[in-house]
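Enquirer: what shape does this take:
(chains A, B, C and D)
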There are 2 protein chains.
Amino acid sequence: MQRTQFGDMACSIARTLDVIGEPWSPLVLRNIYVGINRFDQIQQSLGISRKVLAERLKWLVDNDVLERREYNARPPRYEYALTAKGTDLVAVLMVMVRWGDRWTAGDAGPPMLYRHHTCGQISHVELHCSVCDQPMHARNVDVLPGPGAQVQERA
Amino acid sequence: MQRTQFGDMACSIARTLDVIGEPWSPLVLRNIYVGINRFDQIQQSLGISRKVLAERLKWLVDNDVLERREYNARPPRYEYALTAKGTDLVAVLMVMVRWGDRWTAGDAGPPMLYRHHTCGQISHVELHCSVCDQPMHARNVDVLPGPGAQVQERA
DNA sequence: GTCTATTAGTTCCCTAAAGGAACTGATAGG
DNA sequence: CCTATCAGTTCCTTTAGGGAACTAATAGAC
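Expert: Numbers count the residues shown, from 1 in each chain, chains lettered A, B, ... in the order given. Alright, predicted model coming up:
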């Protein structure tokens, strides 16, 4: 099918989706985050088509989310690692985990747990305001146009 | 194309993607969140195909993320609203906005600004630990298997 | 020195999903 | 009666995902 490109929209959600909105991309990132970072490992872990995996990895590397590096020269072998930009995307994954745990996990409970280094406890993420540190959520904010609100055509 | 269903995986990211991972779904939710909540409004605002929009809305209603309600009986007219489950998804959108603002907005600055009701300031979300309230991020947590870690086949 | 295994992809065909335009149904207003 | 509005549905074309087979580079086994 054809697919509309989101990258040119004046919307940070659309631009983020342009980078990781394709099917499988968030799951690929998750795997690399937890150390499953070689082609065959990722492919087997997810059951993703090799063709699609190759496309996703190339896109994510081209968009500076992943770094491809040689871990063995002869024969040439590569693994993938999160860049700073990619590591910051894990925040999106953590909030998706929180939502999935709350609304889809059912009686079995969450498939994964997260232990916070700072306090050592099993916990989950909450969203707070960067200014006042109080909780921030959908019903707690007003949305206003910002400086980049004009629709810009890409060069 | 065929597409692998993520809903059966023992992974909260996959399950969340099963609900809002299709192309356009997060943007549809965003629009409804900001009050663009009727079929033609959404279609024109996003430039999405009417066919795909109808499919997405039906899916989101069937998955309890949106509620479809009649706002006019004769002729029959409908609008969409976030359920509690859908309102909670806005957290994912807010973190995507934060990432997009930081990594894709460029010199123009963010397209949208968010004012926090509690403090009245323009701000953005940060992720904190639900137990100790300190910042929580990719390099700050350990991932452990949880009670729902077994792969379950759906009934 | 050939045979097999491993890793990281690429190539091919098939099917299903997205785009887009036209069409439908219900009704109000001019 | 004619047109407009809203909320979709239908139909056709294009393209992306699934899956299996294949390639390249090399190490180690026999």
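Enquirer: between helix B:84-104 and the longest helix along chain A, find me the angle.
Expert: Secondary structure of chain A per DSSP state H: the longest helix is helix A:84-104. Relative orientation of helix A:84-104 versus helix B:84-104 (axes from the mean of the first three to the mean of the last three Cα atoms, to 10 degrees): 180 degrees.
Enquirer: after helix A:84-104 comes which helix or strand?
Expert: As assigned by DSSP states H and E, the chain's next helix or strand after helix A:84-104 is strand A:112-116.
Enquirer: contacts for that following strand next, please.
Expert: Identification of contacts with strand A:112-116 by Cβ atoms under 8 Å, 6 or more residues apart in numbering or on different chains yields A:94, A:97, A:121-124, B:11-12, B:129, B:131-132, B:134, B:136, B:140-146, B:149. Using the backbone N, CA and C atoms, a C-beta is placed for each residue, glycine as well.
Enquirer: return the subset of the residues you listed lying in helices.
Expert: Among those, DSSP H puts A:Met94, A:Val97, B:Ser12 in helices.
Enquirer: so how far is A:Leu93 from the residue lying closest to the first one once chain neighbours are set aside?
Expert: In other words, A:Met94. If the residues on either side of it in the chain are set aside, A:Met94 comes closest to A:Val125, at 4.8 Å by Cβ to Cβ, 6 or more residues apart in numbering or on different chains. A:Val125 sits 10 Å away from A:Leu93, going by Cβ to Cβ, to the nearest Å.
Enquirer: between the two, which is the more surrounded one?
Expert: The residue with more neighbours, out of A:Val125 and A:Leu93, is A:Val125; 24 against 21, by other Cβ atoms under 10 Å in any protein chain shown.
Enquirer: let me see the contact set for that one.
Expert: For A:Val125, the contact set (Cβ under 8 Å, 6+ apart) comprises A:Ala91, A:Met94, A:Val95, A:Arg98, B:Leu127, B:His128, B:Cys129, B:Ser130, B:Met136.
Enquirer: write out the residues of chain A neighbouring DNA strand C.
Expert: A:1-4, A:38-41, A:50-51, A:54, A:57-58, A:68, A:71, A:75-79 (Cβ under 7 Å from any atom of the strand).
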